[in-house]
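Enquirer: With the sequence up front, the predicted model follows.
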Amino acid sequence: MFPSFSDPSSLCRASATPNGYFLLLLIIYVLIINSTACSNGNCQVLESCSSVTDCGPGLYCGNCPAMGKNQPICTRGQATIPTTIINGLPFNKYSWLMTHNAFSIVDAPPLPGVQRITFYNQEDTVTNQLRNGVRGLMLDMYDFENDIWLCHSFRGQCYNFTAFQPAINTLKEVETFLSQNPSEIVTIIIEDYVHTPKGLTNLFTNAGLDKYWFPVSKMPRKGEDWLTVTEMVQENHRLLVFTSIASKEADEGIAYQWRYMVENESGDGGVVRGSCPNRKESQPLNSKSASLFLQNSFPTFPVESDSCKEHSAVLGDLVGTCYKAAGNVMPNFLAVNFYMRSDGDGVFDVLDRMNGQTLCSCSTVTACQAGAPFGTCKNVAVSNTTQTANAFGSFSGSVQLSGSASTIHFPNILYFYLLFFSFLLLQL
């Protein structure tokens, strides 16, 4: 029997009861779906998340509003260490992640009573960068306050408002990492404004890094292969240092950068699609007289929130262009700003592809098989973070990227409101 339209209370009760139970069932369904979604460290790359603890090893919870991707997802935060998969090849056969101005860190404290005025390029400490698989550091060194400091400055002079800290502090972080990880190799490229005689020699010695020094006498000068990574580890030549001042090679035994590597243009000129010009100090990218290749892939003016877009598909296109410009030679170092930011896989996936192509002719380095013929590949997903998290432990979550979802807890609020409305419906 249809309800009587002449009885308003009957109308209310009759219509609310079935609709109310329908809504209740819908709410229960939503709660069940959400409760079975990944969480507690089970979420993989590109899966939705609400906190850093949702994501698996090597991941953090972030988003990329610059690409219109506001939904937080698990995002890669660590590199694959290629030597853990294919070891024993010459050093110049591998590709490594390098951080541009590794010391220029957001929220790094300025000098007391000074407002720092400069650009920032990274978000976590050098120690954390190394733990996350960074193996190349770009450092700007200056004479300042009767010492050698790291500064992000101009006109070859460090000012109190562009200064970060004494360089020895960062170098001691490197020394600690090398001493704790005896099979790892680190490269430092110095934009050099130090004029103190033997200043860099004394600096690296005082930091305890001289015992890891790769001697200039063993560096190939005519484009030959470098020592194998196995030989470098056995001889403890695990620190490569390059300077931008040519005379220091003879005076201090510090390698002049562009004698041993080619480099594309830095800043905006190096991130134009379809173009990869060499830096003016560098030999042409296809030169056969240098066996290392540094690719810069960062804009002139770093914008933290835009870097996730810079590390999307466009980054792979830029690497492909530079690979061709260098005569089908893969870059050995890929230098970026804000290296962890991306729309999912980012620079880490690009590096996996670079190493996969060079080391085993596979689509990703995780498909390589030690001892197998070149071109023999495992059947793995191109993006598989479970296999790419490195041996140094999962991303700690100590760096909370601005705009990260790690501080957003909207699912908990959603549950609260759903339960609240469920209670109201049951009262009808």
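Expert: Happy to help now that I have it.
Enquirer: what residue is smack in the middle of the chain?
Expert: Relative to the mean C-alpha position of the chain, the nearest C-alpha, by C-alpha atoms, centre = their mean, is the one of Y339, at 3.0 Å.
Enquirer: these two touch, right, that residue and V134?
Expert: Yes: under the criterion of C-beta atoms under 8 Å, Y339 is in contact with V134, at a separation of 6.7 Å. C-beta: built from backbone N, CA, C; applies to glycine.
Enquirer: which neighbours do these two share?
Expert: The overlap between the contact sets of Y339 and V134 (C-beta atoms under 8 Å, 6 or more residues apart in numbering) consists of L97, T99.
Enquirer: ok, which stretches of the stretch 151-300 of the chain are helices?
Expert: Here the stretch 151-300 of the chain has its helices, by DSSP state H, counting those that start in this stretch, at 167-180, 199-206, 229-234, 248-252, 257-260.
Enquirer: Would you format those helices as TSV with distance to C49 included?
Expert: Rendered in TSV, the data for the helices of the stretch 151-300 of the chain read as follows (distance: least, C-beta to C-beta, whole Å):
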stretch	distance to C49
helix 167-180	29
helix 199-206	42
helix 229-234	35
helix 248-252	48
helix 257-260	41
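Enquirer: Make CSV out of those and add mean pLDDT, distance to C55 and mean neighbour count.
Expert: What follows is the helices of the stretch 151-300 of the chain, written out as CSV (pLDDT from 0 to 100; distance: least, C-beta to C-beta, whole Å; neighbours: other C-beta atoms under 10 Å):
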stretch, mean pLDDT, distance to C55, mean neighbour count
helix 167-180, 98, 24, 19
helix 199-206, 98, 38, 18
helix 229-234, 98, 30, 16
helix 248-252, 98, 44, 16
helix 257-260, 98, 37, 20
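Enquirer: Any stretches of the protein with poor pLDDT?
Expert: By pLDDT under 70, the low-scoring segments of the chain are 1-37, 382-428.
Enquirer: coming back round to it: minimum distance to R353: which of the helices of the stretch 151-300 of the chain has it?
Expert: Across these, R353 has its closest neighbour in helix 229-234 (20.0 Å, C-beta to C-beta).
Enquirer: Only C-alpha atoms, please: export that closest one in CSV.
Expert: This file holds the C-alpha atoms of helix 229-234, laid out as CSV (Å, rounded to 0.1, in the frame of the first residue of the first chain):
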residue,chain,number,x,y,z
VAL,A,229,84.4,0.3,-9.3
THR,A,230,85.8,-2.9,-7.7
GLU,A,231,89.4,-1.6,-8.1
MET,A,232,88.4,1.8,-6.7
VAL,A,233,86.9,0.2,-3.6
GLN,A,234,89.9,-2.2,-3.2
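Enquirer: Direction included, what does the lengthiest strand in the chain pair up with?
Expert: Among the segments of the chain that qualify as a strand by DSSP state E, the longest is strand 134-144. Sheet pairing here is set by DSSP bridges, and for strand 134-144 it gives strand 96-99 (parallel), strand 147-151 (antiparallel), strand 186-193 (parallel).
Enquirer: Could you give the separation of the last one from the chain centroid?
Expert: Strand 186-193 has its C-alpha centroid displaced from the chain centroid by 18 Å (C-alpha atoms, centre = their mean, to the nearest Å).
Enquirer: What residues of the longest strand of the chain count as buried?
Expert: V134, R135, G136, L137, M138, L139, D140, M141, Y142, D143, F144 (16 or more other C-beta atoms under 10 Å).
Enquirer: where's P299 relative to E249, distance?
Expert: When C-beta to C-beta, to the nearest Å is applied, the distance between P299 and E249 equals 31 Å.
Enquirer: if we can go back for a sec, and the strands paired with strand 134-144, which is most packed in?
Expert: strand 96-99 (a mean of 25; mean count of other C-beta atoms under 10 Å).
Enquirer: Next, the residues that contact that one from outside, please.
Expert: Counting by C-beta under 8 Å, 6+ apart, strand 96-99 makes contact with 79, 121-122, 129, 133-138, 187, 189, 294, 332-337, 339, 347-348, 351, all of which sit outside it.
Enquirer: next helix or strand past that strand?
Expert: Downstream of strand 96-99, the first helix or strand assigned by DSSP states H and E is helix 126-131.
Enquirer: wait, what's in contact with D54?
Expert: Taking C-beta under 8 Å, 6+ apart as the test, what D54 contacts is C38, S39, N40, G41, N42, C43, C61, C74.
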